[in-house]
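1. Got a sequence here, can you build the structure:
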Amino acid sequence: MSTVYTTSLHYVTPLSTSSPWPLGISFKTQLLYAIVFPARYLDLFTDFISVYNTVMKIFFIGSSLYILYLMKIKFKATYDPALDTFRIEYLLGASVLLALVINEKFTFLEVCWAFSIYLEAVAILPQLFMLSRTGEAEMITTHYLFTLGSYRALYLLNWIYRYYIGQPMGPISWVSGMVQTALYSDFFWIYYNKVLKGKKFELPV
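-> Down below sits the predicted model:
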């Protein structure tokens, strides 16, 4: 089976070219990521760093929106909203409140940046909640979830490197990164003990 990978800054989503969209993917988690990226990259309109930086930011935003289109229109028949019932308004509200109270600088762009960091830390919750309801997942879906979470380890390495070269990340990024990693811990453990050993991914009863 041939596979196309639609890549965004923080995840790789498998799109099968010979079968429908993989079952068990949370639209609400994808929606939260589609909110995270535009909020974080509002500096596209104010700061120019490089052509590469600009193109990649546009690509990240565009690919996240394209995934929403695929899930809601092209592969709508494979998505079951009855299983994707996490109340994301609580995550959005809490992220907005935190961004207004805890930010590096109280400006519109900095508040939006902080909001995107807080929201990204918990954006996986609808997906994990959906997984807890089904109790199992397709192999390709578990690989997607592993990729979705494992990028944080690469970010942590980058932050350690930046610390040693005198360009440390602020506490907002560190704390949010640790929260996000902690949310993935159970999934990573099951993924290691089952999927990587050739077994079906199933949550313990």
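2. can you list the residues that contact the helix or strand containing Ser95?
-> For Ser95, the host element (DSSP states H and E) is helix 88-101. Helix 88-101 is contacted from outside by 28, 31-32, 35, 111-112, 114-115, 118-119, 122-123, 125-126, using CB atoms under 8 Å, 6 or more residues apart in numbering. For the C-beta atoms, the positions are set from N, CA and C on the backbone; glycine is no exception.
3. buried stuff in it?
-> Neighbour-count burial for helix 88-101 flags Ile88, Leu91, Leu92, Ser95, Val96, Leu98, Ala99 (criterion: 16 or more other CB atoms under 10 Å).
4. okay, how far is it across stretch 100-116, tip to tip?
-> Start and end residues of stretch 100-116 are separated by 12 Å (CA to CA, to the nearest Å).
5. could you give me the average pLDDT of it?
-> Stretch 100-116 shows a mean pLDDT of 95.
6. now swap in stretch 187-199 and tell me
-> In this model, stretch 187-199 has a mean pLDDT of 68.
7. what are the phi and psi values for Ile47?
-> I think there's a mix-up here, since residue 47 is Asp and not Ile. phi -130, psi 130 (degrees, to the nearest 10).
8. try Tyr33
-> Here is the backbone geometry of Tyr33 (degrees, to the nearest 10): phi -70, psi -30.
9. One more: the one 10 residues further on?
-> Dihedral pair for Asp43: phi -70, psi 0, per degrees, to the nearest 10.
10. now do Ile124
-> When read as degrees, to the nearest 10, the backbone of Ile124 gives phi -80, psi -10.
11. Count the residues that sit near it.
-> 22 (other CB atoms under 10 Å).
12. burial measure for Val51, as a count.
-> Per other CB under 10 Å, the neighbour tally for Val51 reads 8.
13. for Leu65, same thing?
-> By other CB under 10 Å, 16 other residues sit near Leu65.
14. What sits closest to it if chain neighbours are left out?
-> Ala34 (5.6 Å; CB to CB, 6 or more residues apart in numbering).
15. What strand or helix carries that neighbour?
-> Assigned by DSSP H and E, Ala34 belongs to helix 27-40.
16. Just the angle for the next helix or strand after that helix relative to helix 27-40, thanks.
-> Per DSSP H and E, helix 27-40 leads on to helix 51-69 as the next helix or strand towards the C-terminus. With axes from the mean of the first three to the mean of the last three CA atoms, to 10 degrees defining the directions, helix 51-69 sits at 150 degrees from helix 27-40.
17. And helix 51-69, what does it pack against?
-> Where contact means 3 or more CB pairs under 8 Å, 6 or more residues apart in numbering; DSSP states H and E, helix 51-69 is packed against strand 3-8, helix 27-40.
18. which one of those has the most crowded surroundings?
-> Mean neighbours per residue, mean count of other CB atoms under 10 Å, is largest over those for helix 27-40, with a mean of 22.
19. Keeping just the C-alphas, turn it into CSV.
-> Extracted C-alpha coordinates of helix 27-40, given in CSV (Å, rounded to 0.1, in the frame of the first residue of the first chain):
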residue,chain,number,x,y,z
PHE,A,27,-11.0,16.0,14.3
LYS,A,28,-11.0,18.2,17.4
THR,A,29,-7.3,17.6,18.0
GLN,A,30,-6.6,18.6,14.4
LEU,A,31,-8.8,21.7,14.8
LEU,A,32,-6.9,22.8,17.9
TYR,A,33,-3.6,22.5,16.0
ALA,A,34,-5.1,24.5,13.1
ILE,A,35,-5.8,27.2,15.7
VAL,A,36,-2.3,26.9,17.3
PHE,A,37,-0.3,27.6,14.1
PRO,A,38,-2.0,30.8,12.9
ALA,A,39,-1.9,32.2,16.4
ARG,A,40,1.8,31.4,16.7
